[in-house]
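Enquirer: Need the 3D shape of this:
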Amino acid sequence: MAMNSALVRVPGTGEVSLAAPDTPEPPDATTPLVAAWTGLGLSTPDGTTLARKVEKEGTEHWQQLTPARYIYKSQELTVASVFQETKGDVLSAYFGGMKFATVGTGTPKTYRAEISSIPKGDVRALCVDWVDAISDAEVYNHRLYLPRAEVSATEDAQFSRTKEARWGMTFSALAPPKGKTYIAVWLTNDPAVLLGAPATAAAALAAESGR
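Expert: Residues are numbered from 1 along each chain as shown. Just a heads-up that it's a prediction; the model follows:
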């Protein structure tokens, strides 16, 4: 049995960020995102949920019960999180692109936004970053980049005296434009993702120097 506790990863901290659709892919998993990206800030301790669903249907035959092949019907990749900061970037995503503007000249200032009666598309680029800092020598960064995504579901927001306002959203990856063949890219400095690779960065360096 191939068991290795050094391969267990704990996403200790992370953040979801948004940008304009088709914002270029970050160069790696550790370089800070450029100004085009905006972090959505604090989220609940459950963090972020990544889900992949592929629907396929087996062929049916007169001569046998087992399918000869599968026909793929759909694929869905989603990123879900519950955000705790009530700010413009979070509310804009939750309400499909809603934006606040200053109205009047009073003090304090008043900010007004309209929730449209007709929902419209609000496509964004999305990044999910998370870090596992095992030790000073072992810090693994992971970054999931979706060039085009849109909020496909929202959770009920409850305003209560006993809990902060929460904004739960599920983002779904959209089909790639301009001839691209992927809906997401995973970037990391973790050598454990390579098949048969050493479990730690130190082991990877040792293996590299021994060649």
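Enquirer: Starting from S117, give me the distance back to the spatially closest residue to R112 that is not a sequence neighbour.
Expert: Of all residues beyond its chain neighbours, the one nearest R112 is V103 (4.6 Å), with distances taken as CB to CB, 6 or more residues apart in numbering. (Glycine included, C-beta is placed from N, CA and C.) Distance of V103 to S117, given as CB to CB, to the nearest Å: 20 Å.
Enquirer: the more surrounded of the two?
Expert: V103 (11 against 5; other CB atoms under 10 Å).
Enquirer: Now do that one against G12, distance only.
Expert: Summarising the geometry, the distance separating V103 from G12, computed by CB to CB, is 42 Å.
Enquirer: And G97, by the same measure?
Expert: Using CB to CB, we find G97 at a distance of 32 Å from G12.
Enquirer: again, but for T107
Expert: 43 Å.
Enquirer: more crowded one of these two?
Expert: G12 (12 against 6).
Enquirer: Show the contacting residues for the more buried one.
Expert: For G12, the contacting residues are W130, V131, D132, A133, by CB atoms under 8 Å, 6 or more residues apart in numbering.
Enquirer: Likewise for F95?
Expert: Under the criterion of CB under 8 Å, 6+ apart, the contact partners of F95 comprise A113, I115.
Enquirer: Which residue, other than its chain neighbours, is closest to the residue nearest to the spatial centre of the chain?
Expert: By CA atoms, centre = their mean, the chain has its centre lying nearest to V128, at 4.0 Å. Spatially, and ignoring its direct neighbours in sequence, V128 is nearest to L144 (4.3 Å; CB to CB, 6+ apart).
Enquirer: Pairing partners for that neighbour in the sheet, please.
Expert: For L144, the beta-bridge assignment (DSSP bridges) gives partners V128, W186.
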